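Colleague: How does the following fold in three dimensions:
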Amino acid sequence: MKLTSKTKCSGMSLIEVVMVLAISALLITIAFATFGQRRGVAVDDEVNQIVAQINKIRNEAQKGSGPPSDSPALTAGETLFGQAIEFDARCSSNGGNSCMHIYRLKRGFSTISNQPTNQISPYESSTDIPVTENLLFQLATKSGCNNQFYLGYKQPGSSKFCDPSLFMGASQANPMIVIETGSGRMSFFSTGQAQGFNPSKAANLNNYTADRQGVLRLPIYQKQGGTPASSQYKYNIDINLAGGNEITTTKL
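Modeller: Residues are numbered from 1 along each chain as shown. Predicted coordinates:
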């Protein structure tokens with residue numbers, strides 16, 4: 001007598017397949033949400049880091065110290081003046097992304113009159129601080145006031161952020177703040193050119209007037225498609241150059 005065995009092959013039922021697909025979709029949704037949250041936290045942290053760097057430079061400038069060295073080679077009579085922070089939307093040193101150029105400044109001295117001059121100039125090469133997380137400074141200006149997400153400046157006594165072109169000068173200029181040693185006073189200038197310390201405005205002590213000590217609004221966005229309009233994360237950093245030198249951030 002010949003015995004035969006039968007093996008029953010069974011697969012997944014339709015209900016089981018649907019359940020597996022539903023669980024997989026749920027896990028993918030959770031993973032994407034977690035990634036988005038982590039990315040948002042990383043971007044927030046970088047914006048806070050920018051503010052921390054500005055505060056650090058301000059403190060160093062006020063104390064008369066800071067990068068790249070604390071023992072500057074000044075000629076007889078020259079004195080430390082402070083530091084300048086230039087905000088650059090696209091830095092070659094950061095692969096075309098944004099950065100802050102830091103300049104250490106000195107005040108000149110005339111050996112003829114034996115008196116300090118009004119000439120302000122850098123005495124060391126600039127130090128670059130990169131901005132990460134694909135964040136870019138939005139440095140475009142627009143005529144008028146209260147233009148959302150454009151570089152703005154609020155003069156002392158004013159309630160509106162307006163086009164800072166009057167203080168910027170050249171159309172291709174970058175905004176810049178100068179922090180003075182000792183007093184910690186901050187003033188708003190521009191580079192007067194594509195990049196570099198201003199050869200005419202910030203370089204002359206006579207130009208450090210009260211109207212340059214308002215509030216500078218610095219918009220920031222995360223590069224997604226290359227324009228602020230396509231960005232998921234937008235921020236404003238408001239730097240109060242007079243009232244306590246406060247710096248506030250707003251997520252839009």
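
Colleague: max-length strand in the protein?
Modeller: Once the chain is assigned using DSSP state E, the strand that runs over the most residues is strand 99-110.

Colleague: Strand partners (parallel or antiparallel) of that one?
Modeller: With DSSP bridges as the test, strand 99-110 is paired with strand 79-88 (antiparallel), strand 115-122 (antiparallel), strand 127-130 (antiparallel).

Colleague: Report the buried residues of the worst-scoring helix or strand of the chain on mean pLDDT.
Modeller: For the chain, counting by mean pLDDT, DSSP states H and E, helix 165-168 ranks last in confidence among helices and strands (a mean of 74). For helix 165-168, the neighbour count (16 or more other C-beta atoms under 10 Å) marks 165, 167-168 as buried. C-beta coordinates here come from the backbone N, C-alpha and C atoms, glycine included.

Colleague: Equivalent analysis for stretch 173-190, please.
Modeller: Buried residues in stretch 173-190, defined by neighbour count with 16+ other C-beta under 10 Å: 173-181, 185-190.

Colleague: May I ask which two of these are separated the most?
Modeller: Comparing every pair within the buried residues of stretch 173-190 by C-beta to C-beta identifies 173 and 181 as the most remote, at 24.5 Å.

Colleague: Give me the contact list for the least confident helix or strand of the chain.
Modeller: Helix 165-168 is contacted from outside by 141, 143, 153, 171, 175, 188-190, 212, using C-beta atoms under 8 Å, 6 or more residues apart in numbering.

Colleague: got any ranges where the stretch 51-200 of the chain has weak pLDDT?
Modeller: Within the stretch 51-200 of the chain, the segments meeting pLDDT under 70 span 66-72, 169-172, 192-196, 198-200.

Colleague: quick one: the strands in this structure?
Modeller: 79-88, 99-110, 115-122, 127-130, 135-137, 152-154, 175-180, 186-190, 215-222, 234-240, 247-251.

Colleague: Run through who's touching the third one.
Modeller: Contacts to strand 115-122, defined as C-beta under 8 Å, 6+ apart, come from residues 77, 79, 81, 84, 103-110, 178, 197, 202-206.

Colleague: Tell me how many other residues surround residue 118.
Modeller: The local packing of residue 118 (other C-beta atoms under 10 Å) involves 12 other residues.

Colleague: Roughly how far does residue 100 sit from residue 45?
Modeller: Distance, residue 100 to residue 45, using C-beta to C-beta, to the nearest Å: 17 Å.

Colleague: follow-up on the earlier one: format the strands of the chain as JSON lines; extra columns: distance to residue 54.
Modeller: Output for the strands of the chain, formatted as JSON lines (distance: least, C-beta to C-beta, whole Å):
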{"stretch": "strand 79-88", "distance to residue 54": "6"}
{"stretch": "strand 99-110", "distance to residue 54": "8"}
{"stretch": "strand 115-122", "distance to residue 54": "18"}
{"stretch": "strand 127-130", "distance to residue 54": "10"}
{"stretch": "strand 135-137", "distance to residue 54": "12"}
{"stretch": "strand 152-154", "distance to residue 54": "16"}
{"stretch": "strand 175-180", "distance to residue 54": "8"}
{"stretch": "strand 186-190", "distance to residue 54": "10"}
{"stretch": "strand 215-222", "distance to residue 54": "9"}
{"stretch": "strand 234-240", "distance to residue 54": "7"}
{"stretch": "strand 247-251", "distance to residue 54": "6"}
